[in-house]
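Asker: Structure for this input, please:
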Amino acid sequence: PRLGAKTLFATHYHELVDLANTLPRVRNFNVAVAEEGDKVVFLHKIVPGGTDRSYSIHVAQLAGLPRSVINRAQEVLIELEESHASKKSKTLRRKAQQFSLFPKDSLLADEIAKLDIDSMSPLEAITKLYELKRMAKEK
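Answerer: From the prediction side, this is the model:
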């Protein structure tokens with residue numbers, strides 16, 4: 001407070017918006033948007049207050065991220081929203097979920113790509129095959 005320094009940060013943790021209610025020097029601002037169906041237009045205007053929506057997927061599209069990354073982000077968002085809705089209805093449930101950023105198929109592919117088959121014994125190869133099969137079943 002004595003330095004008079006200002007800090008600006010952006011976050012997707014909507015819970016942090018509540019800090020403005022308890023910390024006198026904290027203020028919330030957001031970028032105004034216009035939404036029409038699936039389209040979002042950023043209005044290049046900063047307005048007071050927080051937001052209850054995340055536009056990170058739209059920003060990723062504008063930044064030119066690959067379609068596969070955008071699609072996976074949308075899948076994770078749906079899972080998180082469903083999980084959040086479920087947790088609201090079941091307040092006693094405390095088990096936290098960690099969502100993978102990448103589908104398990106890519107994990108299997110990565111594991112297979114890392115294999116040095118030429119240096120494996122038959123026993124090592126069959127053991128690894130069983131491990132990969134177990135990973136596939138957990139999918």
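Asker: which regions of the protein lie under the pLDDT threshold?
Answerer: Low-confidence segments of the chain, defined by pLDDT under 70: 1-2, 9, 11-12, 14, 84-105, 139.
Asker: cutoff 80 now
Answerer: Screening the chain residue by residue with the criterion pLDDT under 80, one finds the ranges 1-16, 52, 84-107, 138-139.
Asker: what ranges do the helices span in this protein?
Answerer: For the chain, helices defined by DSSP state H occupy the ranges 19-22, 56-62, 67-89, 104-114, 122-138.
Asker: and the longest one, which residues are buried?
Answerer: Of all the residues in helix 67-89, those buried under the rule 16 or more other CB atoms under 10 Å are Arg72, Ala73. To be clear about C-beta, it is placed using only N, CA and C from the backbone, and glycine gets the same treatment.
Asker: which other helices and strands contact that helix?
Answerer: helix 56-62 (3 or more CB pairs under 8 Å, 6 or more residues apart in numbering; DSSP states H and E).
Asker: what do you get for the second one?
Answerer: Applying 3+ CB pairs under 8 Å, 6+ apart, we find helix 56-62 packed against helix 67-89.
Asker: send the alpha carbons of the helix it packs on over as PDB?
Answerer: In PDB, the C-alpha atoms belonging to helix 67-89 read as follows (Å, rounded to 0.1, in the frame of the first residue of the first chain):
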ATOM      1  CA  ARG A  67      -8.700 -27.300 -34.400                       C
ATOM      2  CA  SER A  68      -7.800 -30.500 -32.500                       C
ATOM      3  CA  VAL A  69      -6.700 -28.400 -29.500                       C
ATOM      4  CA  ILE A  70      -9.900 -26.300 -29.600                       C
ATOM      5  CA  ASN A  71     -12.000 -29.400 -29.800                       C
ATOM      6  CA  ARG A  72     -10.200 -31.000 -26.800                       C
ATOM      7  CA  ALA A  73     -10.600 -27.800 -24.800                       C
ATOM      8  CA  GLN A  74     -14.300 -27.800 -25.500                       C
ATOM      9  CA  GLU A  75     -14.600 -31.400 -24.300                       C
ATOM     10  CA  VAL A  76     -12.700 -30.600 -21.100                       C
ATOM     11  CA  LEU A  77     -14.900 -27.600 -20.500                       C
ATOM     12  CA  ILE A  78     -18.100 -29.700 -20.900                       C
ATOM     13  CA  GLU A  79     -16.700 -32.300 -18.400                       C
ATOM     14  CA  LEU A  80     -15.800 -29.500 -15.900                       C
ATOM     15  CA  GLU A  81     -19.200 -27.900 -16.200                       C
ATOM     16  CA  GLU A  82     -21.000 -31.200 -15.800                       C
ATOM     17  CA  SER A  83     -18.700 -32.000 -12.800                       C
ATOM     18  CA  HIS A  84     -19.400 -28.600 -11.300                       C
ATOM     19  CA  ALA A  85     -23.200 -29.000 -11.700                       C
ATOM     20  CA  SER A  86     -22.900 -32.500 -10.200                       C
ATOM     21  CA  LYS A  87     -20.900 -31.200  -7.200                       C
ATOM     22  CA  LYS A  88     -23.500 -28.500  -6.600                       C
ATOM     23  CA  SER A  89     -26.200 -31.100  -6.400                       C
END
